[in-house]
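> pasted the sequence and its predicted model underneath.
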There are 2 protein chains.
Amino acid sequence: MKIYDWHFAPNPRRVRLFLAEKGIDVPLEEVGTPAFGLKPEYLAAHPEHAMVPMLELDDGTCIGEAMAICRYFEELHPEPPLMGVDAKDKAIVEMWERKATEGMLSMSEVLRNVEKGFVDRSLPGYPGQVLKQIPELVERGNARLEKFHRVFDAALAKNRFITGDRFTVADVTAFCLVDFLPVVGMPVPAEFRNLHRWHADVAERPSARKTR
Amino acid sequence: MKIYDWHFAPNPRRVRLFLAEKGIDVPLEEVGTPAFGLKPEYLAAHPEHAMVPMLELDDGTCIGEAMAICRYFEELHPEPPLMGVDAKDKAIVEMWERKATEGMLSMSEVLRNVEKGFVDRSLPGYPGQVLKQIPELVERGNARLEKFHRVFDAALAKNRFITGDRFTVADVTAFCLVDFLPVVGMPVPAEFRNLHRWHADVAERPSARKTR
């Protein structure tokens, strides 16, 4: 078993952080390149799911999508539960994780349409296909990201973590996003104080330190 | 308990079809309008999650996101299982469901940027905020949708249903998309024969007929 990883990118970090919370070690294979992309051998082997993270099982089965990989380990290693503990909690965690994923996509929408390294690759997962940058998406991505800040700040005004007193996979995704934003020049504005308090809290967790 | 629904739209149909497969009846409240939008009272009550479907529990808790709602019912009514039966299967179903969601978003990217009824509302969930249509997204959305056709057709060349012999929530999402495409003038091209065979098969299920 191994996980194809891109250390720099926020999306594969979700899986590494999730596994660190569970205390599970899985070998990683770095397939990122300094040119904002993935190694040609990896793209050639996975032309239709040319993204990371990807879990490869010993029988050769490849599982893409960060949350599908987390689901696999949540089932095999239920403790500590990171995807909810009963029907209502599981639904609420899934709702907030999907909202956090929407935040991640918003950041990506800005970054991939403004950064020169992503010219002709305005979406991930289309190797060899030209997808031109669309400058109008920078403004729209920023509007989406502003909503992420507002909605998550409001949730964190009520709770220590996003869905309550327990750290969940919704915190994993949201943290990987918020921790990455300053790296690409889009830090969370200071007015979102609850988001900043929560970020500082999560950043001290061993899982966050280990996966930096 | 009730579900806020928009009968015409493909996204809330995912929940109705899922519930029909489980044999669960939940009261629906229609909040769609003929003007491609949601009723003002609903938007005012849910300004930050101004989308459907939404499940409202008897204690007032509101759960948005179609898959979070399905998760709730999968936990309470495990039979028949629609989200996988063991760790590996659950992960594979989740991966394919997320790919199908990406297909749904691709269709939406085309529709919302070309249809006059969506002027200034190129994304759902931002009531009162102007999000201009971006004509370049029509081409990009079509490229994404073409990938959906290609990837799902290839999966369905090997299996009766998307992940194997069992109907799952990945089929639910993909079916709600494929069944909607002709309604908005974007039918799956005839060359994707496996996708057409599977669509005809699923369309005969009582759940598909009931939720038309």
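Alright, I've got the coordinates. Numbers count the residues shown, from 1 in each chain, chains lettered A, B, ... in the order given.

> name the residues of the helix or strand containing A:Ala157 that come out as buried.
Per DSSP states H and E: A:Ala157 is located in helix A:136-158. Residues A:137-138, A:140-145, A:147-149, A:151-153, A:155-156 are the ones in helix A:136-158 that count as buried (16 or more other CB atoms under 10 Å in any protein chain shown). (Glycine included, C-beta is placed from N, CA and C.)

> for it, give me every contacting residue.
Defining contact as CB atoms under 8 Å, 6 or more residues apart in numbering or on different chains, one finds that helix A:136-158 is touched by A:96, A:99-100, A:102-103, A:105-111, A:113-114, A:122, A:162-163, A:174, A:177, A:186, A:188-189, A:192-195, A:197-198, B:48, B:122-123, B:125-126, B:129, B:131-132, B:134, B:136-137.

> could you dump that helix to CSV, C-alpha only?
This file holds the C-alpha atoms of helix A:136-158, laid out as CSV (Å, rounded to 0.1, in the frame of the first residue of the first chain):
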residue,chain,number,x,y,z
GLU,A,136,-12.9,36.7,-14.6
LEU,A,137,-12.6,33.6,-12.4
VAL,A,138,-10.2,35.4,-10.1
GLU,A,139,-12.9,37.8,-9.0
ARG,A,140,-15.5,35.0,-8.7
GLY,A,141,-13.1,32.7,-6.8
ASN,A,142,-12.5,35.6,-4.3
ALA,A,143,-16.2,36.0,-3.8
ARG,A,144,-16.6,32.3,-3.1
LEU,A,145,-13.6,32.4,-0.7
GLU,A,146,-15.1,35.4,1.1
LYS,A,147,-18.2,33.3,1.7
PHE,A,148,-16.0,30.5,3.1
HIS,A,149,-14.4,32.9,5.6
ARG,A,150,-17.8,34.3,6.6
VAL,A,151,-19.6,31.0,7.1
PHE,A,152,-16.8,29.2,8.8
ASP,A,153,-16.0,32.2,11.1
ALA,A,154,-19.7,32.2,12.1
ALA,A,155,-19.6,28.4,12.9
LEU,A,156,-16.4,28.9,14.9
ALA,A,157,-18.0,31.7,16.9
LYS,A,158,-20.1,29.0,18.5
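
> what is the rounded mean pLDDT of the longest helix seen in chain A?
Counting residues, the longest helix found in chain A (DSSP state H) is helix A:87-114. Mean pLDDT, computed over helix A:87-114, is 97.

> do stretch A:31-43 as well
94.

> contact partners for A:Pro114?
Rather than Pro, residue A:114 is Val. Applying CB under 8 Å, 6+ apart to A:Val114 gives the contacts A:133, A:135, A:138.

> let's see it at 7 Å
By CB atoms under 7 Å, 6 or more residues apart in numbering or on different chains, the residues touching A:Val114 are A:Val138.

> much appreciated, bye for now.
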